[in-house]
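Participant: coordinates for the following, if possible.
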Amino acid sequence: MPANIKGIAETSREKLKTAILELEQFLNGHALPELVQEDSEEAKSFYSGLLSDLRHLLVFSEVAYEKLGALLRRPNLDTDQAERALYEVYHHCVNAFFYPKNECYSEDGRYAYTGQDAIRFRMKPLRAARDVVLNVSRVYEELRDDLSYYESDYLTQRRMMGQSK
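Facilitator: Prediction:
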């Protein structure tokens, strides 16, 4: 179990806030007709899928942000609930980013340690779409690293304690 649950919850919340602001700015400023510049089914499919995935990611991130905020405002942090919330950040937010339903982009692990962007797009996106994905990818990479315990160890520990998730 991570030692400083409150600290992890606070930093995770701040990182989510950064991603939320970036996603909101993009989604509020860009619509499908503007993004689809060439009239092809491939472009329509790509951008509608990308917008859908980013909207889902935004909602998951906002819910997790609010949940962490509510837990952190309490006079005494409920460690079990905080751990559950961090588990959800990992499994809902981080996974929603790295495994988008519409697969408009994916992470190529071969680039992860080269200093190059590890995100590869299914088709070349407009700069604004590319930038928002790459900018939030840094946040979700950090969250993935910070919360790696919640990928599998958390549930294993809960099962060993005889509790369900």
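Participant: helix/strand/coil for the residue of the chain positioned farthest from its centre?
Facilitator: Most distant residue from the mean C-alpha position of the chain: Asp39, 30.3 Å away (CA atoms, centre = their mean). Following DSSP: H, G, I helix; E, B strand; the rest coil, the label given to Asp39 is coil.
Participant: can you give me phi and psi for it?
Facilitator: Dihedral pair for Asp39: phi -80, psi 70, per degrees, to the nearest 10.
Participant: over to Tyr105?
Facilitator: Phi and psi for Tyr105, reported as degrees, to the nearest 10, are phi -150, psi 160.
Participant: so Tyr105 sits right up against Arg120, yeah?
Facilitator: Yes: Tyr105 lies in contact with Arg120 (CB atoms under 8 Å); the separation is 6.5 Å. All C-beta spots, glycine's among them, are computed from the backbone N, C-alpha and C.
Participant: and these two? which has more neighbours close in?
Facilitator: Tyr105 (24 against 11; other CB atoms under 10 Å).
Participant: and the more buried one, how far is that from Leu54?
Facilitator: 10 Å (CB to CB, to the nearest Å).
Participant: give me the common contacts of these two.
Facilitator: Taking CB atoms under 8 Å, 6 or more residues apart in numbering as the criterion, Tyr105 and Leu54 both touch Val133.
Participant: what about the chain, any weak spots by pLDDT?
Facilitator: Scanning the chain with the threshold set as pLDDT under 70 gives 1-3, 110-116, 152-165.
Participant: ok, which stretches of it are helices?
Facilitator: Along the chain, the segments classed as helices by DSSP state H run 5-29, 32-35, 41-73, 79-88, 95-98, 127-146, 153-160.
Participant: export those to TSV and tack on mean neighbour count?
Facilitator: TSV is the format used below for the helices of the chain (neighbours: other CB atoms under 10 Å):
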stretch	mean neighbour count
helix 5-29	17
helix 32-35	13
helix 41-73	18
helix 79-88	18
helix 95-98	19
helix 127-146	17
helix 153-160	13
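Participant: can you say which of the ones you listed is nearest to Gly109?
Facilitator: Taking CB to CB, helix 95-98 is the member of these nearest to Gly109, at 10.6 Å.
Participant: what's in contact with that closest one?
Facilitator: Asp53, His56, Leu57, Phe60, Glu107, Val136, Ser137, Tyr140, Arg144.
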